[in-house]
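Visitor: Pasting a predicted model and its sequence here:
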Amino acid sequence: MNHQISVYIQHNMLGKFEILIAILIMVLLFYFVISFGAGFFSKGEQKPEIKKYLKSVNILLIIIAIVGAILVLFM
């Protein structure tokens with residue numbers, strides 16, 4: 001029974017590379033959603049507050065991507 005569970009887990013879990021790709025895709029999707037919601041892709045003039053907010057979001061997303069990559073390397 002335990003051998004069957006072990007084989008099932010080995011065949012159905014993601015590897016390091018797939019987890020890293022999933023993290024990067026989620027960060028990229030989060031970037032697009034936040035940017036679209038803040039009006040980054042609109043043609044109008046942006047307020048300085050929005051530019052500052054988007055810069056902060058970009059820094060946060062870069063930190064999340066770096067931490068995710070480091071964690072995947074230690075798996």
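Guide: Thanks, I have it.

Visitor: only C-alpha atoms for contact and neighbour calcs from this point on.
Guide: OK.

Visitor: Could you list every helix and strand that the lengthiest helix in the chain packs against?
Guide: For the chain, the longest helix by residue count, based on DSSP state H, is helix 48-73. Helices and strands touching helix 48-73, by 3 or more C-alpha pairs under 8 Å, 6 or more residues apart in numbering; DSSP states H and E, are helix 16-37.

Visitor: that older thread, tell me the mean pLDDT for the longest helix of the chain?
Guide: The average pLDDT within helix 48-73 is 88.

Visitor: For stretch 68-75, buried residues please.
Guide: Counting neighbours by 16 or more other C-alpha atoms under 10 Å, one finds that the buried residues in stretch 68-75 are 68-69, 72.

Visitor: want to try JSON lines for those, with distance to Lys16 as columns?
Guide: Shown next, in JSON lines, are the buried residues of stretch 68-75 (distance: C-alpha to C-alpha, whole Å):
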{"residue": "Gly68", "distance to Lys16": "11"}
{"residue": "Ala69", "distance to Lys16": "9"}
{"residue": "Val72", "distance to Lys16": "6"}
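
Visitor: List just the nearest of those to Ile59.
Guide: Gly68 (14.2 Å; C-alpha to C-alpha).

Visitor: Please name the residues that touch the closest one.
Guide: Shown in contact with Gly68 (C-alpha atoms under 8 Å, 6 or more residues apart in numbering): 20, 23.

Visitor: any idea how far it is from Pro48?
Guide: 30 Å (C-alpha to C-alpha, to the nearest Å).

Visitor: Just list the residues touching Ile27, thanks.
Guide: Wrong residue type there; residue 27 is Val, not Ile. 61, 64-65.

Visitor: scratch that, Ser35
Guide: 41, 54.

Visitor: circling back: out of the contacts of Val27, which are buried?
Guide: Buried among the contacts of Val27 (16+ other C-alpha under 10 Å): 61, 65.

Visitor: All set, thanks.
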